[in-house]
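Colleague: quick one: sequence and predicted model below, then my questions.
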Amino acid sequence: MILGITGGKGGTGKTVLAVNIALALADLGRKVTYLDCDTDCPSAHILLSATLGKKQEVRSFIPAIDQDRCMKCGTCVAKCQFNALYMPRGKTPQTAQSLCSGCKACVLACPYGAISGSSKAIGWTYRSKKHGLELFSGKLKPSEPLSEKMVEAVKQRGFEEGRGEIFIVDTSAGAHCPVVRALEGCDRAFAVTEPTLFGESDLAAIEEVLGKLGIPHGVIVNRSTISSRKINGAALEIPYDRDMIDCYVLGVPIIRALPEHPLSRKISDFARRLLK
């Protein structure tokens with residue numbers, strides 16, 4: 001099973017619930033591999049108090065231009081949709097590396113075969129373990145725009161090295177390209193939201209994305225008691241609870257810190273339903 005945990009709005013407690021659901025599944029005897037695909041702001045390891053380990057560098061293509069073969073025609077510059085190539089007067093094209101997406105359109109466009117491949121580091125992936133969970137995460141290098149490539153790197157490493165029967169894919173917030181890349185291939189997904197106007201609006205956006213991807217999905221309402229608004233059809237509702245916040249601050253999931261707590265039991269029951 002590849003289970004996506006996502007949510008259009010940030011700050012809904014998506015990762016807190018994803019970590020606790022993963023632990024609940026592990027407590028049921030399943031091998032669980034957790035993929036933290038929020039590579040701009042990874043936090044699963046913090047919530048688990050896990051030390052990031054087994055670091056691997058992730059690299060991306062950048063163009064290398066042969067000064068002798070380049071005829072300064074400007075075709076590569078014109079074809080670059082990200083404006084990563086520019087050509088000073090009388091000189092060969094130059095690369096603004098921070099803008100390069102690594103798409104290789106310039107290589108295909110050059111009529112003289114003057115562009116070959118080089119690469120740059122865009123971030124790192126990590127493999128860790130804590131509380132019986134196998135955790136793969138990634139961290140995008142500051143100033144780099146290639147979140148999607150880092151998401152791909154986390155998923156590739158996780159699926160190649162991970163030993164889980166169940167994979168939990170924790171996306172970033174929003175309904176943008178890195179979220180889509182993280183959700184691709186999921187068998188099922190849950191969107192975590194909250195009973196607010198912003199929560200409902202962003203839930204509609206992520207549900208539209210999930211529908212277009214053809215992924216069966218449900219809704220989890222976190223902090224369900226913070227307003228009188230009601231989101232119908234939720235697969236799981238978690239009321240606001242101070243103990244959950246205290247566990248979050250301490251970096252110990254409530255499933256581990258307070259296994260008999262009413263919220264822990266609700267999450268465990270939800271995990272059992274997932275396996276039916």
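Modeller: Noted; the coordinates are in hand. Quantities reported herein were computed from a predicted structural model and do not represent experimental measurements.
Colleague: in this protein, which residue sits furthest out from the middle?
Modeller: residue 90 (43.2 Å; Cα atoms, centre = their mean).
Colleague: with adjacent residues omitted, what lies nearest to that residue?
Modeller: residue 72 (7.8 Å; Cβ to Cβ, 6 or more residues apart in numbering). Placement of C-beta: from N, CA and C, glycine included.
Colleague: list the contacts for that neighbour?
Modeller: Neighbouring residues of residue 72 by Cβ atoms under 8 Å, 6 or more residues apart in numbering: 87, 90-93.
Colleague: one more: residue 93?
Modeller: Applying Cβ under 8 Å, 6+ apart, the residues near residue 93 are 65, 70, 72, 74, 76-77, 85-87.
Colleague: closest one of the residues you listed to residue 112?
Modeller: Using Cβ to Cβ, residue 70 comes nearest to residue 112 of the contacts of residue 93, at 6.8 Å.
Colleague: quick one: secondary structure of the residue nearest to residue 90?
Modeller: coil (DSSP: H, G, I helix; E, B strand; the rest coil).
Colleague: tell me the pLDDT at it?
Modeller: Here the pLDDT value assigned to residue 72 is 94.
Colleague: what's the answer for residue 142, then?
Modeller: Looking at residue 142, its pLDDT stands at 88.
Colleague: next helix or strand past the strand or helix carrying residue 167?
Modeller: In this assignment (DSSP states H and E), residue 167 forms part of strand 166-170. Past strand 166-170, further along toward the C-terminus, the next helix or strand under DSSP H and E is helix 177-183.
Colleague: and the contacts of that next one?
Modeller: 4, 6, 35, 37, 39-40, 147-148, 150-152, 155, 169-173, 189, 206, 209-210, 213, 215.
Colleague: on that earlier part again, by pLDDT, rank the contacts of residue 72 and give me the bottom one.
Modeller: residue 90 (87).
Colleague: using the three-state scheme, assign that one.
Modeller: Judged by three-state DSSP, the three-state class of residue 90 is coil.
Colleague: how's this structure carved up into domains?
Modeller: Split into domains by automatic domain parsing, the chain comes to 2-48+131-274, 59-121.
Colleague: circling back to that earlier point, which of the contacts of helix 177-183 count as buried?
Modeller: 4, 6, 35, 37, 39, 147-148, 150-152, 155, 169-173, 189, 206, 209-210, 215 (16 or more other Cβ atoms under 10 Å).
Colleague: find the centremost residue of this protein, please.
Modeller: Note: the chain centre (Cα atoms, centre = their mean) maps to residue 37, 2.3 Å.
Colleague: just the strands from the stretch 1-150 of the chain, written as ranges.
Modeller: Counting by DSSP state E, counting those that start in this stretch, the stretch 1-150 of the chain has strands at residues 2-6, 32-36, 56-65, 85-86, 94-95, 115-130, 133-140.
Colleague: export the ones you listed to JSON lines and tack on distance to residue 273?
Modeller: Formatted as JSON lines, the strands of the stretch 1-150 of the chain follow (distance: least, Cβ to Cβ, whole Å):
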{"stretch": "strand 2-6", "distance to residue 273": "12"}
{"stretch": "strand 32-36", "distance to residue 273": "16"}
{"stretch": "strand 56-65", "distance to residue 273": "36"}
{"stretch": "strand 85-86", "distance to residue 273": "52"}
{"stretch": "strand 94-95", "distance to residue 273": "52"}
{"stretch": "strand 115-130", "distance to residue 273": "25"}
{"stretch": "strand 133-140", "distance to residue 273": "20"}
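Colleague: nearest to residue 268, out of the ones you listed?
Modeller: Using Cβ to Cβ, those put strand 32-36 closest to residue 268, at 13.7 Å.
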